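[1] take a look and give me a structure for this.
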Amino acid sequence: MTEPIRARVNGSPISNKDFVNAVQGYAMELHRKTKEHLDADELAKVEALALEKLLARELLYQEALARGLVASAEAVAAEVQRLMANFPSPEEFVGTLAKAGIDLGDYQRMIRQDLTVNLLTAQETESLPEPDAEAIAAFYQEYAEQMREPARARACHILLKVRDGNKEETRRALEALRERSCSEDFAALAEEASDCPSAARGGDLGYFRRGEMVQPFSDAAFSQPVGEVGEVVETPFGLHLIKVLERKDVRALDLAEATPKIRRYLLEQQAARHLEQFVAELRGRAKIEFCS
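    The predicted model follows:
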């Protein structure tokens, strides 16, 4: 059966499948819910955004190919491995893609396209001028209240995945590990028992901000006492024991500390404006057909 087409850019198709995946992604990113739970107005805006983003990506991708820019197979493999490392196992990663209706081959194709577009955008923006000290200082003064380092926590954990629906058995196994942690080294227990890739580091996840982990994990990490192993926490990844190693409160940044962040932000804004104009120029020269 022929894959339905949403649009064509200079003859190259944008499939309806890619469009649906993009809509789902932006629905989750902007509204924290699937597209099926959006109201009519939200859905219309998300669909318009998804289509515009897909058109822009295809225009940039075609321009990259015209310039001889193509992401290498090694770069694609490295990016897939980096993303896969965020999951308890490669099987969990592939399973999550499958639930979204994406097979690994399609995902690798999307990654190659994205990395190729990144090569073009880097080439297009590498000569943009650096913001000067006056612009940085003016930005700092205008947004001084926002020049803060957010609260952070550093934690290690033991993750046990729930297999064959045996949640209570998994919970009992974690409770036994929690008892052992009273007299044994938590990092050694994590290395021995955890199903998370962080087990190789004694379960250490490093520093993270509130909201960077799934909510039940984040809530525990920012509330339970430092140095203690907390109660069992359930997330979509499984069941966890969490030991908070350190927490750092919100802290105001002086100009010197804020300068790298401000410089990066101003450069990103300048690059975004440049790329918006660049895409508009590409679109003005392109043949774009919308399919019903």
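
[2] look at N86 and tell me its secondary structure.
    coil (DSSP: H, G, I helix; E, B strand; the rest coil).

[3] what's around it, how many residues?
    11 (other C-beta atoms under 10 Å). In short, each C-beta sits where N, CA and C put it, glycine included.

[4] now do the contacts for the nearest residue to it once chain neighbours are set aside.
    Leaving aside its sequence neighbours, N86 sits nearest to F93 (C-beta to C-beta, 6 or more residues apart in numbering; 7.9 Å). Each residue near F93 by C-beta atoms under 8 Å, 6 or more residues apart in numbering is listed here: L83, M84, N86, F87.

[5] P129: which of those is nearest?
    Closest approach to P129 among those (C-beta to C-beta): L83, at 33.3 Å.

[6] which residue is the nearest non-sequential neighbour of the closest one?
    Nearest to L83 is F93, by C-beta to C-beta, 6+ apart, at 7.3 Å.

[7] now the one you found: which helix or strand?
    Assigned by DSSP states H and E, F93 belongs to helix 90-99.

[8] for that helix, buried residues please.
    For helix 90-99, the neighbour count (16 or more other C-beta atoms under 10 Å) marks E92, F93, V94 as buried.

[9] next one: stretch 125-141
    For stretch 125-141, by 16+ other C-beta under 10 Å, it's T125, P131, I136, F139, Y140.

[10] ok, the first one touching Q277?
    Same thing as T125. No: counting by C-beta atoms under 8 Å, T125 does not reach Q277; the two are 11.6 Å apart.

[11] average pLDDT for stretch 212-223?
    Stretch 212-223 shows a mean pLDDT of 93.

[12] then stretch 88-101?
    79.

[13] quick one: low-confidence ranges for the stretch 51-200 of the chain?
    100 (pLDDT under 70).

[14] now the helices: where do they sit in it?
    73-84, 90-99, 104-125, 133-142, 167-180, 186-193 (DSSP state H, counting those that start in this stretch).

[15] what comes into contact with the last one?
    This means helix 186-193. 156-158, 160, 173, 177, 180-181, 198-200, 202-204, 229, 243.

[16] and with 6 Å instead?
    I158, L177, S181, A199, G202, G203, K243 (C-beta atoms under 6 Å, 6 or more residues apart in numbering).

[17] please identify the buried residues of the helix or strand just after it?
    Later in the chain than helix 186-193, the nearest helix or strand by DSSP H and E is strand 204-209. Buried residues in strand 204-209, counted by 16+ other C-beta under 10 Å: D204, L205, F208.

[18] run through the neighbouring helices and strands of strand 204-209.
    Judged by 3 or more C-beta pairs under 6 Å, 6 or more residues apart in numbering; DSSP states H and E, the packing partners of strand 204-209 are strand 152-160.

[19] which other helices and strands contact the strand it packs on?
    Packed next to strand 152-160, using 3+ C-beta pairs under 6 Å, 6+ apart, are helix 167-180, strand 204-209, strand 238-248.

[20] give me the number of residues near G105?
    Neighbours of G105 (other C-beta under 10 Å): 8.

[21] er, V80 I mean
    V80: 17 neighbours (other C-beta under 10 Å).

[22] before we move on, what about G68?
    Quick note: G68 (other C-beta under 10 Å) scores 7 neighbours.

[23] show the contacting residues for it.
    With C-beta under 6 Å, 6+ apart, G68 has no contacts at all.

[24] that'll do, ta.
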